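S.K.: Attaching a predicted model along with its sequence, questions to come.
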Amino acid sequence: MALDKNDLNKIAYLARLEIAPENAERVLNDMDRILDFVDHMQQVDTEGVEPLAHPIESRQILREDRVTEPNQREALLANAPATENGCFLVPKVIE
């Protein structure tokens, strides 16, 4: 697929990119190469291939979820300048 400068300008506008005029030709060539590669990938026969969430079939080993520290809520709230009903009070930042 061959892109022209108008296509490049439209893509840059939609992507909110500023492409310097001296780099436009290089970017255009790079985008052409990328689109050619995507076209090449589209031609691969994937009939019967199951989709994968990840190319490496492995499971994430999770540790046991357990409490490792005691509840220090009251001690931590004691350091706060303002609290209410067991929560920190903070200044309002949005009007």
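M.R.: All right, it came through fine.
S.K.: C-alpha from now on. contacts and neighbour counts both.
M.R.: Fine.
S.K.: quick one: the residue in the chain sticking out farthest from the centre and Cys87, what's the gap?
M.R.: Taking CA atoms, centre = their mean, the residue of the chain most remote from its mean C-alpha position is Ala78, at 38.8 Å. When CA to CA, to the nearest Å is applied, the distance between Ala78 and Cys87 equals 11 Å.
S.K.: Give the residue spans of the protein that score low on pLDDT.
M.R.: Regions of the chain meeting the criterion pLDDT under 70 cover residues 1.
S.K.: Which stretches in it count as helices?
M.R.: Counting by DSSP state H, one finds helices in the chain at the ranges 5-14, 24-42, 73-78.
S.K.: and the one residue sitting closest to the centre of the chain, backbone torsions?
M.R.: Using CA atoms, centre = their mean, the residue of the chain that lies closest to the mean C-alpha position is Ala15, 15.4 Å off. Reported as degrees, to the nearest 10, the phi and psi values for Ala15 are phi -90, psi 0.
S.K.: So what would you say the end-to-end distance of stretch 42-56 is?
M.R.: 22 Å.
S.K.: tell me which residues in it are buried?
M.R.: Across stretch 42-56, burial judged by 16 or more other CA atoms under 10 Å covers no residue at all.
S.K.: before we move on, what about stretch 30-44?
M.R.: The neighbour-count check on stretch 30-44 (16+ other CA under 10 Å) flags 31-32 as buried.
S.K.: Adjust the sequence numbering to begin at 539 for everything that follows.
M.R.: With 539 as the first residue, the last one maps to stretch 568-582.
S.K.: I'd like the distance from that stretch to the chain centre, please.
M.R.: Here stretch 568-582 is found 23 Å from its chain centre; the criterion is CA atoms, centre = their mean, to the nearest Å.
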